[in-house]
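1. just to be clear, the model below is a prediction. Sequence and coordinates:
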Amino acid sequence: MQYFEKEDILHLTISDEPEANSVEINPNITVELNEAGELIGIEIINASAFIRDSIVESTQGKILNLSVQ
């Protein structure tokens with residue numbers, strides 16, 4: 001895992017294989033694929049906001065589920 005603070009990019013490496021293709025799964029997340037189409041990496045742009053928002057949404061969801069029961 002590498003974080004590039006200046007660019008606010010988080011790069012998760014799953015394999016050191018060469019990247020053959022990439023797919024943008026949303027405007028901030030790109031997955032990197034090898035020749036076989038297998039996942040070898042993930043790049044998250046605006047990582048700090050993405051992670052913050054994901055944690056907030058997860059926490060709010062848990063709170064809402066607790067209050068409904």
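-> Yep, it's here.

2. flag every buried residue along the least confident helix or strand in the chain by mean pLDDT.
-> Across the helices and strands of the chain, mean confidence by mean pLDDT, DSSP states H and E is lowest for helix 47-68: a mean of 77. Using 16 or more other Cβ atoms under 10 Å as the test for burial, helix 47-68 gives 47, 50. Backbone N, C-alpha and C define where each C-beta goes, glycine included.

3. state the helix or strand in which the most centrally placed residue in the chain lies.
-> The centre of the chain sits closest to I44, judged by Cα atoms, centre = their mean, with a distance of 4.7 Å. Mapping I44 onto the secondary structure by DSSP states H and E places it in strand 39-45.

4. contacts for that strand?
-> Defining contact as Cβ atoms under 8 Å, 6 or more residues apart in numbering, one finds that strand 39-45 is touched by 7-17, 19, 27-34, 50-51.
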